[in-house]
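Colleague: coordinates only, sequence not included:
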C-alpha cells in the first residue's frame, strides 16, 4: 500500500511539474504555482504531567494553486493544499492531511469557491494572532478557528475598503438531526497592513461545529508598533454553555528582529477561567526564512496549567 501511495504521489508531482512550466500566448494549459512551508521547532512542553522535549511540526504544508483566464474578465481559481507532518511521529501514519482545497470563479461579482475552506470567522482574524499555528494559537482556548469541508464560500468585491464574506456549510447527510451551518463576516482594509493602515472585521458563526460565535477584530500600526485586539463570545449549541473573552497582541520590528507579545482570556462563567500569555522573537535570515523563539504559559482554573518554551525555523517556498 505504501508503495502504491508513493508511486501515485510521484506521478502527480511529475504532472504538476509539467503544468507549472511557463504558459505562452495561446496556450490552453493553466500555470500551476507549487508552494509550501516547513515549520519545525525544538521545544520543552509541560501539559500538566511534567515537562518533556519534542520536535514539533507546526502546520508545515505543501500546496498547488493557480488561475485560468476565461473571457470577459472571468477566471477559474483553485487551491489544493496539504498539511505535512515533518517531525515524522504522526499517529497511525497520517502524516499528510487536507487543508484548504477548492475551485471556483472570480470576476467583477467577487469570487465563489466550492470545497474545503476556512470559514469567514476564521478568516476574519486576519494577522492579529501573532502565534498562529504554534501552541499560543488562539484556537487553544477559543472556538471558531474552523476549516470546514462541504462549503460554498462567497466574497464580494471591495468597495471603499469594505468586503462581505459568507460561508455556507452543507449538512452532507440525510440524518434528520444534521443541519446546515453559516459563517458571515464584514471586512475592512488589508490584513497585511500594506494597502491600508487599519484592518478590522466583524464576524459570526451559526451552528458551526456545534458553536455559535461572534467575533470582532482590529489591527493597526502606531509609531512603528503593530497593535491588535479581538473580542469574542461563543455558545455551545448542544448545552448552551457560554464563553466571553478578549485577546490583545503587539509586535515591534527593528533591523532583522521582531519582538512579539500576546495575551488571551476565556471567561466561561462557571469559575473555569482560562488565560494565556506569550512572548516571542523572530529573526529574519532572508525573505523566505526566519528563526523564532517563544514562551507560552496557560493558567487553567479547573485544569492543569501548561507551559511551552520553543525555538524553531520557518522556511517558505
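Modeller: Right, received. Where do you want to start? Only a predicted model underlies this, so the values are computations on that prediction, with no experimental measurement involved.

Colleague: how about the helices in the stretch 1-150 of the chain?
Modeller: All helices of the stretch 1-150 of the chain, identified by DSSP state H, counting those that start in this stretch, fall at 2-19, 120-123.

Colleague: Quick check: buried residues in the shortest one?
Modeller: Taking 16 or more other Cβ atoms under 10 Å as the neighbour-count basis, helix 120-123 is seen to contain the buried residues 120-123. (Each C-beta comes from the backbone N, C-alpha and C, glycine too.)

Colleague: How far does it sit from its chain's centre?
Modeller: 9 Å (Cα atoms, centre = their mean, to the nearest Å).

Colleague: for stretch 57-75, same thing?
Modeller: Relative to the chain's own centre, stretch 57-75 is displaced by 16 Å; criterion: Cα atoms, centre = their mean.

Colleague: buried stuff in it?
Modeller: Counting neighbours by 16+ other Cβ under 10 Å, stretch 57-75 gives 57-58, 60-64, 66, 75 as buried.

Colleague: In TSV, list these along with pLDDT and distance to residue 200.
Modeller: Below are the buried residues of stretch 57-75 laid out as TSV (pLDDT from 0 to 100; distance: Cβ to Cβ, whole Å):
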residue	pLDDT	distance to residue 200
57	96	33
58	97	27
60	98	31
61	98	28
62	98	32
63	98	28
64	97	32
66	96	31
75	96	28
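
Colleague: Nearest to residue 228 among the residues you listed?
Modeller: residue 58 (20.2 Å; Cβ to Cβ).

Colleague: how about the strands of the stretch 101-250 of the chain, start to end?
Modeller: 110-118, 147-155, 162-169, 181-189, 198-208, 211-222, 225-236, 242-254 (DSSP state E, counting those that start in this stretch).

Colleague: Low-confidence regions, the stretch 151-300 of the chain specifically.
Modeller: Flagging of the stretch 151-300 of the chain using pLDDT under 70 yields the residue ranges 173-178.

Colleague: run the last query once more with 80
Modeller: 172-178, 269-271 (pLDDT under 80).

Colleague: Could you identify which of the helices of the stretch 1-150 of the chain has the lowest mean pLDDT?
Modeller: Lowest mean pLDDT within the helices of the stretch 1-150 of the chain: helix 2-19, a mean of 40.

Colleague: just to revisit the earlier point, kindly reformat the buried residues of stretch 57-75 as JSON lines containing distance to residue 308.
Modeller: Output for the buried residues of stretch 57-75, formatted as JSON lines (distance: Cβ to Cβ, whole Å):
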{"residue": "57", "distance to residue 308": "15"}
{"residue": "58", "distance to residue 308": "11"}
{"residue": "60", "distance to residue 308": "18"}
{"residue": "61", "distance to residue 308": "21"}
{"residue": "62", "distance to residue 308": "25"}
{"residue": "63", "distance to residue 308": "27"}
{"residue": "64", "distance to residue 308": "32"}
{"residue": "66", "distance to residue 308": "37"}
{"residue": "75", "distance to residue 308": "42"}
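
Colleague: ok, of those residues, which one's closest to residue 170?
Modeller: For those, the nearest to residue 170 is residue 63 (23.8 Å; Cβ to Cβ).
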